[in-house]
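Asks: prediction below, plus the sequence it came from.
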Amino acid sequence: MFGRRTSLPAADDALRGRSEPDFTLPERHVVLGTSLTAEPAGSAVLYVGMGCFWGVEKIYWQVPGVLTTAVGYQGGHTPNATYDEVCTGRTGHTEAVKVVYDPAVVSERDLLRLFWENHDPTQGYRQGNDVGTQYRSALYWTTPEQQREAEATREAYQKALDDVRLGPITTEIAPAPEFFYAEPYHQQYLAKNPFGYDCHSSTGVSLPD
């Protein structure tokens, strides 16, 4: 909630970080009871950045076929950054959610529909009142199917936005860079704090079928 920087740092201007995180990650998902780190055989992983990661994670852990979720930092330069460091804007990371899912139960398109419809992908380095590079929209794919669906749904959603005269999509779509888990208190934050901050902007536009 505290980021304000509106330009990404160069690698040589980024904070140095550390070789290992300075915390121990919980073994289990508070809601689903599954491992926070395991990726079972036959599962796939998609990473999404949609603003503050607390509410984003809650959206995805409720989806049938999603096996586990976790929040973290991605797309920047600083290894094992802390939340305070990310909030300075000097790590280059966006707040991201790791979504591990069973493709036989939930499709990539269904997951991407939630992505496009539950934030405003036209806002650049912000979501609503949350301003800063850590709130930028991002889709990080790990399979060719995810890449194809990400690009196809972006095109379809842009046409829908054009119809209502909204701006160009600024979402970063790229192969998944390294994901650094956030501190334990951030994991499943809204399950532990049901009245916690959960603010997301939205265009109100549906992804065309």
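Replies: Nice, I can see it. Treat the numbers as computed from the prediction; the structure is a model and nothing was measured.
Asks: quick one: the closest residue to Thr68 other than its chain neighbours and Gly167, what's the gap?
Replies: In space, Thr68 comes closest to Thr34 once its chain neighbours are excluded; the distance is 4.3 Å by CB to CB, 6 or more residues apart in numbering. (Glycine included, C-beta is placed from N, CA and C.) According to CB to CB, to the nearest Å, Thr34 and Gly167 sit 38 Å apart.
Asks: kindly report the same for Gly76.
Replies: Computed as CB to CB, the Gly76 to Gly167 distance reads 25 Å.
Asks: what residue of this structure is the furthest out?
Replies: Relative to the centre of the chain, and counting by CA atoms, centre = their mean, the farthest-placed residue is Asp163 at 26.4 Å.
Asks: for it, phi and psi?
Replies: Note on Asp163: its backbone torsions stand at phi -60, psi -30 [degrees, to the nearest 10].
Asks: tell me where this structure has helices.
Replies: Applying DSSP state H to the chain gives helices spanning 53-61, 83-87, 108-117, 144-163, 189-192.
Asks: deepest in the core, which of those is it.
Replies: Neighbour counts (mean count of other CB atoms under 10 Å) averaged over each of the helices of the chain peak at helix 53-61, with a mean of 24.
Asks: pLDDT on that helix, on average?
Replies: Averaging pLDDT along helix 53-61 gives 97.
Asks: list the contacts of it.
Replies: 29, 31-32, 48-50, 66, 68-72, 95-97, 99, 111, 114, 118-119, 182, 186-191, 196-200 (CB atoms under 8 Å, 6 or more residues apart in numbering).
Asks: more neighbours, Thr34 and Gly167?
Replies: Thr34 (17 against 14; other CB atoms under 10 Å).
Asks: before we move on, back to that, show me the contacts of helix 53-61 that map onto strands.
Replies: Judged by DSSP state E, strands contain the following of the contacts of helix 53-61: 48-50, 66, 68-72, 95-97, 99.
Asks: okay if I get those residues as a markdown table plus distance to Asn129 and pLDDT?
Replies: Shown next, in a markdown table, are those (distance: CB to CB, whole Å; pLDDT from 0 to 100):
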| residue | distance to Asn129 | pLDDT |
| --- | --- | --- |
| Val48 | 20 | 98 |
| Gly49 | 17 | 98 |
| Met50 | 15 | 98 |
| Val66 | 28 | 98 |
| Thr68 | 30 | 98 |
| Thr69 | 24 | 98 |
| Ala70 | 25 | 98 |
| Val71 | 20 | 98 |
| Gly72 | 23 | 98 |
| Glu95 | 15 | 98 |
| Ala96 | 20 | 98 |
| Val97 | 20 | 98 |
| Val99 | 25 | 99 |
